[in-house]
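Engineer: Below: sequence and its predicted model.
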Amino acid sequence: MSVVAAQLSSSCSPANQIQKAFATSSPSFVRQEILNAPEDWILWNSNSSTSTVYTHNGYSSEIPNAKNISQCKMDGKFITPSIESVSYISNGKFLNATLWLTSPFIEPPINDTLDAYPGQVEIKVSNLTSHYTLQNYTEVKMAGLYNPLENFTINEESNSSALAGNNTAHKVVYTVKSGQIPLKKMELWTIKNNKVYDITYSALPSTYSDHLSTIQKMIDSFRIGLVMPTHITRSQVGNSSSQHRVNDFLTYRTSGIKIDYPVNWQKKEMMGNGSKPTTVTFYSPFKDLLSPLQPSYHEVTFTMAIDVASSVNDQGTGYRIKVSRIPYNVWTGTWTRQVQEVSAYDNTRVLEEGGPNYTGFYDKKEQPYILFYFDLNKVNSPQLYKAVFYITDYFVLHHVFCRLLDITNWIIIPPPEFTLSTPSNVVLRPGDEKDLEVVLKGNTNLPSQVFLNANTTATSNTDKSIALNFNPHKISMPPLTPGSTTLHVKILKTANATSYTLPISANISFPTTIKNRFGEAFNISKSESLLQLSNLTLTVLPPYTLQEQLSNFVNLWITPISGLWTFLAGVAAVITPLVIRRRQKSTAKRKHHSE
């Protein structure tokens, strides 16, 4: 809200008057354009080692985050075109902007080749709290597995399977829906020494048969009771696990069990204590089918963020215009345009949502641009605001999750204007020195840093007979507040008597970090700079003549001294008779007493 609108709204009580107070338009301006360094993507640093990726087919998977940006390139190149420049214009009612890209934007495919769920084998060892036969335990176990809400279906069941050598086991193969993911599982369990030994193989129905031969080898190698290889010492036996390699398999031993598993599978242990079971899980390698032209999962989001000037120290973007196929971090199937209000702690509220199948933001005829618009009337027509644009690229490459940002510097609206003021009619002579005030004023609500420089090597000053120094040469300007510094001018005795025109420059730069109180920050790799120039005109008079020097000496020394003597003489003329009269009275008193 503008300052004028705020003042009017506070002083007018009728509703129609308040409506008029907000009718002031935002500033209009002609087309502006800023350049953006191409291919300057930055990797979003996350506090977590993994991210949850929701694939286009409805699965979710925890994917390791990329540790460096080199992991997010295909053949040394970035996948998505970056921002080359931004042009923007406003009629006071709408802000319209065009993001010019380095190449045409092509929608990412929705046919993922991401391995969302690897094959895995889980072994669980549990203590029984009461005596169970295998049949009794199987009845309880099957009752616990059956859940019609999870689409539980039995494909195969047997109560005469063998596990761990001669131990009779119950086996069941079934399909079940775990969350949004349908799974096919094979589970075997047996009881020995009042403990339950449970082995479960899980996989997607489409990949279930891919690992069956490997799973069977693992099951056949499973043993109860620790069997030591000849190279394992007794100090390695106990609750700690030990393993050795046989061909392409490793042997795993812990808590009285032994099993062989493929050397390229990952292992995760959770050691039990008391009533808690001991669990170890083996994961098959991810099999992302990597295309030479695309990652295994890919989505892109385009954002224009608006920060409206506030009377307090605001640190948020205020509003976001977001175009995405994943507006709620889950794929919706089509493009959606959202206008979001953003709190200082990064909470969001959707003010407007366009879609589904919003397609008005780019031209599918292979044109390299993205279009944005923002209705300024919806936020009370701000008089001062700034905007920033960024592309967020989400994709999985070699089963590593990348979240890249290409972000512009701030766009200041209205376009920033600065005036650099220097004193006029500065007249000096050779050998003189003087301090001058230089003032810089701006119309932007964005804090800035200013570097000042005075050019003393201009054509009219090739003899370097004038020395200019700023103190300080760097100043910080708060929003909408003038900045000033002192320019010390020294005219050397060799200076010629003439008029000097000296260029004064102010290089103005703006913040390179977008941050809110919630802690979300974008570190921009570049900063927009403005150069403001002004000319300092100095008139250097000829050196003083001998007669002028004598006159100055008289004016500075003799005349003041003469005036001082005249004053003292006047004072003496008044005081002397008083002193004489007082002395006469004193003498008369002494004579009287002596008589």
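Structural biologist: Noted; the coordinates are in hand.
Engineer: can you count the residues close to N155?
Structural biologist: When neighbours are counted by other CB atoms under 10 Å, N155 registers 12. Backbone N, C-alpha and C define where each C-beta goes, glycine included.
Engineer: Repeat that for V339.
Structural biologist: Neighbour tally, V339, other CB under 10 Å: 20.
Engineer: same check, this time on E417
Structural biologist: Counted with other CB under 10 Å, E417 comes out at 12.
Engineer: In this structure it contacts I508, no?
Structural biologist: No - E417 is beyond contact range of I508, at 10.8 Å (criterion: CB atoms under 8 Å).
Engineer: now stretch 80-88: mean pLDDT?
Structural biologist: In this model, stretch 80-88 has a mean pLDDT of 95.
Engineer: roughly how far out does that stretch sit from the chain middle?
Structural biologist: A distance of 18 Å separates the centroid of the chain from that of stretch 80-88, by CA atoms, centre = their mean, to the nearest Å.
Engineer: mind saving the C-alpha coords of stretch 408-416 as PDB?
Structural biologist: C-alpha atoms of stretch 408-416 as PDB (Å, rounded to 0.1, in the frame of the first residue of the first chain):
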ATOM      1  CA  THR A 408      18.000 -12.800 -11.500                       C
ATOM      2  CA  ASN A 409      19.000  -9.800  -9.400                       C
ATOM      3  CA  TRP A 410      16.300  -7.600  -8.000                       C
ATOM      4  CA  ILE A 411      14.200  -5.400 -10.300                       C
ATOM      5  CA  ILE A 412      13.500  -2.100  -8.600                       C
ATOM      6  CA  ILE A 413      10.100  -0.500  -9.400                       C
ATOM      7  CA  PRO A 414       9.800   2.300 -10.200                       C
ATOM      8  CA  PRO A 415      13.200   2.100 -12.000                       C
ATOM      9  CA  PRO A 416      15.700   3.600  -9.600                       C
END
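Engineer: wait, what's in contact with the spatially closest residue to P327 that is not a sequence neighbour?
Structural biologist: Closest residue to P327 apart from its sequence neighbours, by CB to CB, 6 or more residues apart in numbering: T336 at 4.7 Å. T336 makes contacts with V323, S324, R325, P327, E353, G354, G355, P356, Y358, as judged by CB atoms under 8 Å, 6 or more residues apart in numbering.
Engineer: residues bridging contact with E417 and I508, i.e. touching both?
Structural biologist: G442.
Engineer: returning to that earlier point: weed out the non-buried ones from the contacts of T336.
Structural biologist: Buried members of those, scored by 16 or more other CB atoms under 10 Å, are V323, S324, R325, P327, G355, Y358.
Engineer: list the contacts for the closest residue to the first one other than its chain neighbours?
Structural biologist: It stands for V323. Counting by CB to CB, 6+ apart, V323 lies nearest to F302, which is 4.5 Å off, once chain neighbours are set aside. Contacts of F302 were listed using CB under 8 Å, 6+ apart, and they are L99, K322, V323, S324, F361, I370, F372, F389, I391.
Engineer: Which residues does the second one form beta bridges with?
Structural biologist: In other words, K322. Here K322 sits in beta bridges with T303, Q338, going by DSSP bridges.
Engineer: before we move on, what about the last one?
Structural biologist: The residues listed as beta-bridge partners of I391 by DSSP bridges are F302, D406.
Engineer: Now that it has come up, it's in contact with M304, right?
Structural biologist: No - the pair I391 / M304 is not scored as a contact, 10.8 Å apart, by CB under 8 Å.
Engineer: between the two, who's got more neighbours?
Structural biologist: Neighbour totals were compared for I391 and M304, and M304 leads with 26 against 22 (other CB under 10 Å).
Engineer: That one reaches A387, doesn't it?
Structural biologist: Yes - with contact defined as CB under 8 Å, M304 reaches A387; the gap is 6.1 Å.
Engineer: what sits in contact with each of the two?
Structural biologist: Listed as contacting both M304 and A387 by CB under 8 Å, 6+ apart are A97.
Engineer: Tell me how this structure divides into domains.
Structural biologist: Here the domain assignment for the chain is 22-44+63-99+297-409, 120-283, 418-540, 549-595, based on automatic domain parsing.
Engineer: Name the residues that touch stretch 66-75?
Structural biologist: Contacts of stretch 66-75 with the rest of the structure, by CB under 8 Å, 6+ apart, involve 41-43, 78-79, 292, 295, 395, 397-398, 400-402, 404.
Engineer: Those residues: which two are farthest apart?
Structural biologist: The span of the contacts of stretch 66-75, defined through CB to CB, is set by I42 and P292 at 25.5 Å.
Engineer: more crowded one of those two?
Structural biologist: Shown here are I42 and P292; by other CB under 10 Å, I42 has more neighbours (16 against 6).
Engineer: Any regions of the stretch 251-400 of the chain where pLDDT drops low?
Structural biologist: Along the stretch 251-400 of the chain, segments meeting pLDDT under 70 span 273-275, 290-293, 309-317.
Engineer: go on, the chain?
Structural biologist: Residues of the chain meeting the criterion pLDDT under 70: 1-23, 179-180, 226-247, 273-275, 290-293, 309-317, 456-463, 511-528, 548-549, 552-595.
Engineer: Quick one: the helices in the stretch 151-300 of the chain, in order.
Structural biologist: Secondary structure of the stretch 151-300 of the chain (DSSP state H, counting those that start in this stretch): helices at 212-221.
Engineer: same check, this time on the chain
Structural biologist: 3-11, 15-21, 134-145, 212-221, 546-553, 559-594 (DSSP state H).
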